[in-house]
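Engineer: Sequence plus the predicted model coming up.
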Amino acid sequence: MAYLGRSVDQSFFFGASPEIKARAKALRKRMTWCEKVLWQVLRKNQRYYLYFRRQHPIARFIVDFYCHELRLVVEIDGGYHNSRAQQEKDLNRTAALESFGIEVIRFTNEEIMKNLRKVSNNIDEEVKNRLNRNEPHPSPPLSSTTA
């Protein structure tokens with residue numbers, strides 16, 4: 001049984017340490033305004049029976065939103081992401097996540113504040129594209145009623 005736990009950890013958290021998991025849990029309690037707004041969109045619109053998780057630990061990183069079934073990360077970049085040093089860190093972080101077969105899409109705080117519908121549509125398009133490429137995804141839940 002312990003082996004199963006390790007295999008789930010590797011595929012779901014990619015070996016994130018207990019410290020990273022604890023930090024992710026703390027971050028879920030103090031999300032930014034833009035994260036809260038986008039979370040409401042992602043959690044209310046559980047399209048295609050796919051689920052996003054917020055402040056999800058992956059290896060040594062904590063991503064803003066993660067859909068494990070599609071291996072898709074959605075990141076929200078605040079103003080500090082405009083600095084050259086942070087942009088380089090973001091590129092390295094994206095490359096590390098991509099090495100796990102995870103795709104990263106980014107939006108700015110401004111995009112979320114000014115045009116949330118467009119951000120939502122862009123995420124939906126990416127989900128559709130990944131589904132059309134035959135990415136693995138869960139089956140819809142079985143009906144509890146019989147015909």
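Structural biologist: Noted; the coordinates are in hand.
Engineer: So for stretch 77-86, mean pLDDT?
Structural biologist: Averaged over stretch 77-86, pLDDT sits at 76.
Engineer: From the rest of the structure, what touches it?
Structural biologist: If you take C-beta atoms under 8 Å, 6 or more residues apart in numbering as the criterion, stretch 77-86 is touched by 32, 34, 87, 90, 106-109. Bear in mind the C-beta positions are built from the backbone N, C-alpha and C, glycine included.
Engineer: Count the residues that sit near residue 126.
Structural biologist: Neighbour count for residue 126, taken as other C-beta atoms under 10 Å: 16.
Engineer: Which helix or which strand is home to it?
Structural biologist: Using DSSP states H and E, residue 126 maps to helix 116-132.
Engineer: How far away from the center of its chain is that helix?
Structural biologist: Between the centre of helix 116-132 and the centre of its chain there are 13 Å (C-alpha atoms, centre = their mean, to the nearest Å).
Engineer: Count the neighbours of residue 44 for me.
Structural biologist: 7.
Engineer: Next secondary structure after the lowest-mean-pLDDT helix or strand in the chain?
Structural biologist: The weakest-scoring helix or strand in the chain, judged by mean pLDDT, DSSP states H and E, is helix 2-12 (a mean of 55). Moving toward the C-terminus from helix 2-12, the next helix or strand (DSSP H and E) is helix 18-29.
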